[in-house]
Each structure stands twice: as C-alpha cells, then as structure tokens.
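Undergrad: Show me how the following folds:
(3 chains)
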Amino acid sequence: MTLAAASHGFLTPSGVEIAFLLVGLVTLGAAVVTVTTKQLVHAALWLVVALGGIAVEYLLLTAEFIAWVQVLIYVGSVVVLLLFGLMLTKAPIGRSPDADSGNRWAALLVALASAAVLVWVVVDAFRASWIDLDGAAQGSTEVSGRSLFQHWVLPFEALSVLLLAALVGAIVLSRRGGEDTPDGRAVPGNGHAAAPGAAASTGPDSARREGQR
Amino acid sequence: MTTTTTAVLVPLLPFLGAAFGLLLGRRAPGFVRPLAVLPTLAAAVLTVVVAARQGGGAGGKGPIDAATQLTPTGSVPIELALHIDGFAALVAVLVGIVATCVQVYSTGYLRDDPRYASYAALVSLFTSAMLLVVYSGDLMVLLVGWEIMGICSYFLVGHYWETEAARSASLKAFLVTKLGDVPFLFGLFALATDAGTFRITGILNAVAGGHLHHPTLVALLLLAGVAGKSAQFPLHTWLPDAMAGPTPVSALIHAATMVAAGVYFIARLLPVFAASAAALVVLAVMAAVTMVGSALAALAQDDIKRVLAYSTVGQLGYMTGALAVGDRGAAVFHLLSHGAFKALLFLGAGVIIHAAGTNSLAAMSRMRGLSKRIPDAFWTVTVALLALAAIPPFAGFFSKEAVLGAAEHAATGEAHLALDGFHGHLGSVPSAAGWTVLIAGLITALLTAAYATRLWLLAFFGRGPQEAPDHGKQPLVMNAVLWVLFIPTAAFGIAAPALPEWFDGSELTPTLVTSVLGTGLALAGALIMYGAWRHTAAVAARRPMGAVAVDPDAAPAVSEEEAIATHAPAYGDNAGAPDPADPGRLLLGPLHAPATCGFHLDAVYTTLFVRPVRAAARLVRFLDREVVDTYVHGAGTGARWLGTAVRRAQTGNVQTYLGALLAGSLVLAVAAVLVATGTGA
Amino acid sequence: MHLAYPAVLAVLLFCVGLYGVLARRNAILVLMSVELMLNAVNLNLVAFDVWLRDTLHAGQALTLFTIAVAAAEIGIGLAIVLLVYRNRGSSDVDKLTDLAERPAGDGADEPPHHPSDQQAEAAA
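TA: Numbering: from 1, shown residues only, chains lettered A, B, ... in the order given. The predicted structure follows:
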C-alpha cells in the first residue's frame, strides 16, 4: 500500500484488504451461526471458527503475538472450558427448539439498530483513514514483549493477582456445598444439591459428546 | 432595691408563681395554695411600694421611665420599657389587691376542685399579664400582656367545661375579643409607623409635635380592640356569657381588671384619641349606647351574675364616656372605685349563690331568710350596691360624679384637656360628645339604681313558703375577703381630693349640679323599683318556681357549676326566667323580652357573621371533600395504575432488562451523536 | 488498508454478540456471545494500535490484558453457571426470575428441582 491517500479507494482494494475482507466474512458468518444455531455444542464449535478468524485478522494487521495468544487462550482453553460447561450442565445434544428465549425479536431489533448506528458513526468517522501496514511489524513478539515488560509491567503483575483470585473463586464456587455430611450423603431437606454420583454421571454425557464430535 | 427593680419584680413574681404552679401542681399539691397566694400577695405589696415611691405626678418625682433593648428588632425598635406614672401606679395597686383577694377567696371557693392547681396558676399568669400591661412602656410588650390576658380569660371562663354554657361562652369570649384585636394590632402598627417607635413616651411626643398623620384612623382601629377587651358596644356580647366561669374569675377578670384594661389603654394614649374629634364623638356615642343598653338589659336578667355583668358593661361605659370628654383622671378614678366595689359584688354573689343553691333571682325571691344566713355577704353587698347606685358617701358616688362633672364641663364648653406633662396642640372636646355622655350618664344613673335595688330586693328579701336551704357556714376566707374589699368600697371617696396629684391635676371632687341631679335620679330609680316590687310581691307568693341544688358539704364552686348547668333546662334560657313576679318585667313592659336577650345583638351577629362563616365553612368543606380530594385521590389512583403498568415490565428476566437498557442507551447515543454533529439541532 | 474494514467488522461482531446475549436462553451460550463481544473490542484495539503506530503499544497490551481478564471471566462465569445449574436444575437465563415481584398469592414457585438428588437415587 502506498502512503498517498489519493491512490486509495474502496474500489481498488489491495491484496491484504481482499484477504481481510474474505476472512472477515467467514468470521462474521461463523459468529452469526454461533448465536443462532439450535445445537448448543455446534455453537461452541462455530465459536472456534469465529475466534480463529479473528486470529487470522490479527495476523493480517501484523499483530502476530496477539494472534498466537488468541489461538492459544481462546481456541485452546476458553472454548474447551465452554464445552466442559455445556457437558456439566447436561446441555442437550442435537437440535433443541428452545435455544432462543422469547424476546429474540426485541433482541434482533436492538442489535440491528445498534449495528446501524455504530456502522454509520464508524464509517462516517474513519472514511478517510488508512492503516499503513508497511515497515516493521507492529505486533511481533519482541516488540510486544518489550513494551509489556517495560511500560506495562505493573498492570501485568496486577493481572496475575486477578487470575489467581479468579482461580480460587472458580474452585470455591464449583466445589460441593460445605454442609455435606462426611460420608458425602446429602443432608435431607437442605435445599442444596449434593450429589455424590455427579462426577460419575457426567461419564455418559462426555461419551456422547465425544461421539458427536 | 431600686424602684425599677421593684417594678420589674411586680409582674415577674406572679409569673413565676404560675410557672411553678403548673409544673408542681400535680406532684406537690401541698405547694399549690402557697404558690397561688404568696407571689400575688408579694406583688400586691410591691405595687404599693412602687406607688409610694412614685408618689404621684405633681407632688412626686414624675413618671418613672426605664427601658432596655434585648435585641434589635427591625425598623421600629421594641424595648422592654417601664412607664409608671400616677395612673399606672394606682391601677397596679388595684390589680394587686383584687388579685390577692381573689386568690385567697378561691382557696375556699374551689376547695375540692380537681383542677384547682391549673386554675390558680392561670389566675397568677393572668395577674402577671395584667400587671405587665399596666407597667409596660412599650406598646408591643403591652400587646403581649394583652393577648396573654385573652388566653387566660378563655381558659378560665371554660373552667367548668363539663357544662355546655361554659364551653360555648369561652369560645365566644375568645373569638369576639380577637375580632377586636385584629384592628387593634393594625392600629398599633399604624401608630408606630407614624411615630417611629413603640414607646409610649415617644408616641406621646410625636402626637405633641403633630407628627401623627392619621389620628382618626389610628384611633378608630385602636378603639375596636378596646371595645372588644372592655366589652363596649357592639363587641360586649361576650361578657354576660362569660359569667359561666367561676365567680372569682368573673370578679377578677370580667369585672375589676381585664375589662378595665381597654379603658386604661385609652387613658394612656388619650392624646392620640384627643387629636381626632371624630374619634372622641365615636367614643362618646359608643359609651352612651353601651351605658343605656346594658342598664336596660341588666334590669331583665335573671342570673344574678349576668345582672352584675351587664352592670360592669355599663360602668365601663361610664369610663369610656369620661375618656370621650377628655378627662382621664375621672375615668381612672371610676376604674379604681368600680374595681373595688364590683369585685366585692361578684365575690358576694358567689357567697349568695352558694347559700341559695341557685343563681336565679326568681328562685331567690321565693326563699325566706337568706340575708340572715349570710350576714357578712348581706352587709357588704348592700354597701357595694349602694356604691354601684352612686349613693353618697360611698366610693361609686365620687367617681361617678367626677365622670358626670367632666361631661358637664365638656357639654358647656368649659372643658380643657389638662393632660399632665403633655404640652401640644389638641383639638378641644366637641360639646356634642359632652352632651351625649351627660344625658346618657344621667339616664343610666336612674337605671343603675333601679337594677341595683331589684337585685338587692330579690336576692335578700324573698318572700315565700320555703326557707333558704342550709349550706353550712361560709368559709372564713371568703367572708374575710368580703370585708377587706368593703373598706375601699365604703371609704375610697375620701381619697378624691388627693387623687388629682396622681392624675392630670384636674378637680375630681363632686360639683353641686351633677351631684344633685345624679343622686336624685338614683333615689328616684330605687323608689320606683321598690314600688314595683311591692306591687308584684303578691304574685310571687302565688307562683312558686325555681330549682335549687343543695350540696351542704361540697365546695361553693360545685353549687355554682350545678346552678349554671341547670339554669337553661329549668327556665328555658340562660339569661331570663318566665317569672311574672319580676318587678323588672313590670317596669320594662314590652322592652323586657328584647332586653333579656341583649336586644337580639347575638341574633344580628348570627346573621351577619356566624351564618356566612358557617356557609363558607360548608363551601370549603365541600370544595375540600369533592374537589381537592378528587385530585388527591386521582393522583393516588393514577400512581397506582402507573405502578401496576410498570410492574408488568418487571419480569425478573435479566435479558429483558438488558435489552431495554441497551435500547435506551442506543437512543441516548444517537441523540448525542446528532447533537455533536449538529445535524439534529 | 482502509481503517473502516476492521472497524466495521468489529462493529458487526459486537452486534452479533449483543444479539446473542439478548436472545440466547442457555447461560453458556450467553457467555459465548460475551466472548464474541470482547473479541470485537480486541479487534478494534489492535487495529487502532496499528493505525496510530503507538510507541507504547497500548492497544496490544490492553488486548492481552483483555484476553487474560476474559479467561478469568469465563472461568468464574462457568463456575456460577454450574452452581446455578446444581441448585435449580437448569441453566436457562429466563427461568432465573426470582427477583421479580409476584402478586401475593402465587408467590410459591414450582418446588425446586434437584436433578442431582434424582441422580443420587438413580445411582443407588
């Protein structure tokens, strides 16, 4: 891409732009399927496609470190976590007709309206702005590492504390209730779910999920 | 102790007595009587000391003036000021003595009353307020005392609040006096605006310097308040009804002191009134109508206390008459002597009511031997009635002759406004005012003697088959008080030559012409009444009537309360009784019926004020219930409906909330963008 | 490259996520939609960082932090969903309406359903 603004135009896209556009379409499509599909597990899998597409977009924007982090964390762990969550809550396999709640039309309206407004505002604001992707990569590992450990080291450390807290919180939340009797039996009438066989009972679910995949 | 300190203590002691009486009344009943009597007695002694130190206007050291300002109070300063001249000193002595007598009398009269503590405290508070009015040198401070007196009067008239008559009478007294107090307040403001001060001395200086711009307006406004307080026509109607209160209260408040406050007030500010001839004429006409009308009404009353009440109205008319002809010395002289003999009359009437078990003259006139049962009351009341009828040589004769003499001077054009320590331009007294007061005064002298004779004959010389009921011996304190008040009633006249020194210096000794005229008319009235009484005596023996309550062991107040409560059921009316043997009925003829009910003035008030006010109240109630409440209920119902509607949106579904939130913020964002880009503006 | 491409893509992704948050019934799908919205923001951050050539690389640093925070969020969120599911036998968002005011009378909801109890019985 040249720096001269006059040579740019919507009608004369460069190769990067075409690639960005195509990957963007795929990403958007995957995202739309994610929020509309009736099959819950498929939604998680389509989410993988969408998140991966975003990782490719990062690469196209020369932010390679972020792209790999995206792949590692989102695709590698978050989606897996989500799938675990689906399994643990015994999400139905196959089409479930009640995947969308009753106010989907209102939701559609709000989403379309905000999309219209935001697109209008964004296009109006940045219609004459171009990204110069030539020169040194903006997001190589070295560059990111330098800035992260020179300028952002304190937030980075704070973030580690946050992650620790989230870890502890998640463990505490997902443990069995504290008022269980020592032999693991539920105290009758205590209103809490206490199921000694819960872990075992996920077995068939998990097997079915594997089969689905 | 300086004279100023002494004078300050005079109103303060009864006030403290009242405060402690109210505080300790329930917890320490043993202290109530000392707390009631002793501060008042001390105040009475101190008033005598102050009077002795002041020593009168001419021979003494002049008026005592002292003032201190507590805090700045806007454009016209209000000061705690004392202004004690001869008038104030002597009136304060009268108030102190009568109040002490009444407090002592009440200890016997309301012996077993459960509300005695608050009663005594209120009487003390009243005494304090009256002394404040008398000594105050600042009109605003005077007004404070003036209004406290009104409140105390309201509570004390309603002391027997179990009876309907007392309840309505207390309300009536309060409302009618307040009707006068509103113009009075405006008059004070107008006066102070013109004079630039509330101090009496300052106002008098302003009048002398001719700085008073609207003397007639101010005088008429003040006159309304005075008419309300002093029970002058047309605002006198509350006073006869106020007799539903206990007798000592009637004696202190509604005869000797509070009703005299209006007269005293005019006497203090006489130069203001004298600056306007129109005000003097109005005052004279008011006095004349009051005198004659009340004397006629007194002839027709059946309740002994109502006779005395109308008599009080008439005697106050004499005082305002004296003021109308510009002689405040005569007015205050009559105030003092009237205060003494009228207090005696009322306290004696209390003894009579107790002994007879009724307050109805018709019932008393059918009762033998009442005078022998209560000899002390008989002799003292006889002398007091002679004083009331202005028979020489008793106190009433001298003071009334002073009034008539002043009126004669004004009528013949010899009047000179001799106001002590006051040198300024004053209009002369119009001779029309003089003639009005003189003629009305002479007619009233005749009528006064007539009703005094009627009261005496009917109360003490009843002729019937029935012996007076035995109520046991009268309490010693009550009889003793009667004799104490007997002294000034009988002998105050000899003070007449000495009094001008205290007052403005004008002569107060009787002149020959008016003395002969007045005494002659009084004797004529008494003789006519005696003749009529002889004439009707035979009828009285034939027609027995009357209801008598006999409570030999109860306190005197119990008899009175029962008598008041039973008068209307027994005789059909609070004021009159259908007694064919009444000599007053014979003499008045067709006038009797209207005179009984005070010449239908109450009916006029009912038409003029009560009905429109009631109609307005109904209208307001209608508007409030039907119109305003509709809005209120509508607001409530609307809010409830709105709440029901809004509650439907509250589904508990978080997604709905979030959707609404986002839609709202979207709208806001669009608005913000439009405003920021200017396209929407 | 034109800046509008990533910006518009981010906007569209965000709105798709928005729709998912508002319309999905299963709480885990709602969490997925939240991830989509976060990613849209990240895309914006990266694009603007590249466009502005920020020497501090604030955009990219912030993207990293967002990813980390999102990971933490998904962990906690899933734990909460799991807890809700255990307690109420369902992870449907529109059934969690206990905060709504019920008219007096039908305040008693359907009795709480304990799937794990049934499972325990089944296991026994």
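
Undergrad: Can you give me every residue that contacts the residue nearest to A:H42 when sequence neighbours are not counted?
TA: Nearest residue to A:H42, sequence neighbours excluded (Cβ to Cβ, 6 or more residues apart in numbering or on different chains): A:V33, at 7.7 Å. Every residue, glycine included, has its C-beta placed from N, CA and C. Shown in contact with A:V33 (Cβ atoms under 8 Å, 6 or more residues apart in numbering or on different chains): A:H42, A:A43, A:W46.

Undergrad: same question, C:A70
TA: Contacts for C:A70 (Cβ under 8 Å, 6+ apart) come out as A:Y74, A:V78, C:E35, C:L38.

Undergrad: circling back to that earlier point, I'd guess the residue nearest to A:H42 is in a helix, am I close?
TA: Yes: assessed with DSSP: H, G, I helix; E, B strand; the rest coil, A:V33 lies in a helix.

Undergrad: how much space between it and B:G262?
TA: 101 Å (Cβ to Cβ, to the nearest Å).

Undergrad: hang on, the earlier thing: for chain C, state which of the contacts of A:V33 is nearest.
TA: For these, the residue nearest chain C by Cβ to the nearest Cβ is A:A43; the value is 5.7 Å.

Undergrad: Break the chain into its domains for me.
TA: In the absence of a named chain, chain A is used. A:13-103, A:140-177 (automatic domain parsing).

Undergrad: Actually, chain B is the one I wanted.
TA: If you go by automatic domain parsing, chain B breaks into B:3-534, B:604-650, B:651-681.

Undergrad: Redo the ones you listed as CSV? Include mean pLDDT and mean neighbour count.
TA: Shown next, in CSV, are the domains of chain B (pLDDT from 0 to 100; neighbours: other Cβ atoms under 10 Å in any protein chain shown):
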stretch, mean pLDDT, mean neighbour count
domain B:3-534, 83, 22
domain B:604-650, 89, 11
domain B:651-681, 83, 14
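
Undergrad: Quick one: closest of those domains to chain C.
TA: Closest among the domains of chain B, using Cβ to the nearest Cβ: domain B:651-681, at 2.7 Å.

Undergrad: So the closest one, near chain C or not?
TA: Yes: judged by Cβ under 8 Å from any Cβ of the partner chain, domain B:651-681 comes into contact with chain C through B:T651, B:G652, B:N653, B:V654, B:Q655, B:L658, B:G659, B:L662.

Undergrad: coming back round to it: need the winner for burial among the domains of chain A.
TA: Comparing those by mean neighbour count (mean count of other Cβ atoms under 10 Å in any protein chain shown), domain A:13-103 comes out on top with a mean of 20.

Undergrad: can you pull the contacts of B:T312?
TA: B:T312 is in contact with B:A231, B:L239, B:H254, B:A255, B:V259, B:H338, B:K342, counting by Cβ under 8 Å, 6+ apart.

Undergrad: Keep the residues you listed, but drop any that are not near chain C.
TA: Answer for those near chain C: none qualify (Cβ under 8 Å from any Cβ).

Undergrad: could you pull out the helices for chain A?
TA: A:15-36, A:40-60, A:64-70, A:79-88, A:104-126, A:141-150, A:153-174, A:198-212 (DSSP state H).

Undergrad: Would you mind writing the CA trace of the fifth one as CSV?
TA: What it means is helix A:104-126. Extracted in CSV, the C-alpha atoms of helix A:104-126 (Å, rounded to 0.1, in the frame of the first residue of the first chain):
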residue,chain,number,x,y,z
ARG,A,104,-35.4,-12.8,20.4
TRP,A,105,-37.2,-10.3,18.1
ALA,A,106,-36.6,-7.5,20.5
ALA,A,107,-33.0,-8.6,20.7
LEU,A,108,-32.8,-8.6,16.9
LEU,A,109,-34.2,-5.2,16.8
VAL,A,110,-31.8,-3.8,19.3
ALA,A,111,-28.9,-5.5,17.7
LEU,A,112,-29.7,-4.3,14.2
ALA,A,113,-30.4,-0.8,15.4
SER,A,114,-27.1,-0.6,17.3
ALA,A,115,-25.3,-2.1,14.3
ALA,A,116,-26.8,0.5,12.0
VAL,A,117,-25.9,3.4,14.4
LEU,A,118,-22.4,2.1,15.0
VAL,A,119,-21.6,1.4,11.4
TRP,A,120,-22.9,4.8,10.4
VAL,A,121,-20.8,6.5,13.0
VAL,A,122,-17.7,4.5,12.4
VAL,A,123,-17.8,4.8,8.6
ASP,A,124,-18.6,8.4,8.9
ALA,A,125,-15.6,8.9,11.2
PHE,A,126,-13.0,6.9,9.5
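
Undergrad: pLDDT on it, on average?
TA: Helix A:104-126 shows an average pLDDT of 89 in the prediction.

Undergrad: Please state the offset of that helix from the chain centre?
TA: 21 Å (Cα atoms, centre = their mean, to the nearest Å).

Undergrad: so, in contact with chain B or not, it?
TA: Yes: part of helix A:104-126 sits near chain B under the criterion Cβ under 8 Å from any Cβ, namely A:A106, A:A107, A:L109, A:V110, A:A113, A:S114, A:V117, A:V121.

Undergrad: Next, the angle helix A:15-36 makes with that helix.
TA: With axes from the mean of the first three to the mean of the last three Cα atoms, to 10 degrees applied, the angle from helix A:104-126 to helix A:15-36 works out at 160 degrees.

Undergrad: circling back to that earlier point, show me the contacts of B:T312 that map onto helices.
TA: Counted as lying in helices by DSSP H, out of those, are B:L239, B:V259, B:H338, B:K342.

Undergrad: Pick the one among these closest to chain A.
TA: Checking those against chain A by Cβ to the nearest Cβ gives B:L239 as the nearest, at 81.3 Å.

Undergrad: give me phi/psi at the residue nearest to the closest one when sequence neighbours are not counted?
TA: Spatially, and ignoring its direct neighbours in sequence, B:L239 is nearest to B:A231 (4.0 Å; Cβ to Cβ, 6+ apart). The phi and psi values for B:A231, taken as degrees, to the nearest 10, are phi 60, psi 50.

Undergrad: Leaving out chain neighbours, which residue sits closest to C:V81?
TA: Distance criterion Cβ to Cβ, 6+ apart; nearest residue to C:V81, sequence neighbours excluded, is C:A27 at 4.6 Å.

Undergrad: returning to that earlier point: pull up the gap between the residue nearest to B:L239 and B:A261, please.
TA: 11 Å.

Undergrad: ok, which of the residues of helix A:104-126 next to chain B also contact chain C?
TA: Among the residues of helix A:104-126 next to chain B, the ones lying near chain C by Cβ under 8 Å from any Cβ are A:A106, A:A107, A:V110, A:S114.

Undergrad: got TSV for these, with neighbour count too?
TA: Shown next, in TSV, are these (neighbours: other Cβ atoms under 10 Å in any protein chain shown):
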residue	neighbour count
A:A106	17
A:A107	25
A:V110	26
A:S114	21
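
Undergrad: for chain B, what spans make up the strands?
TA: For chain B, the strands defined by DSSP state E cover B:64-68, B:80-84, B:367-368, B:466-467.
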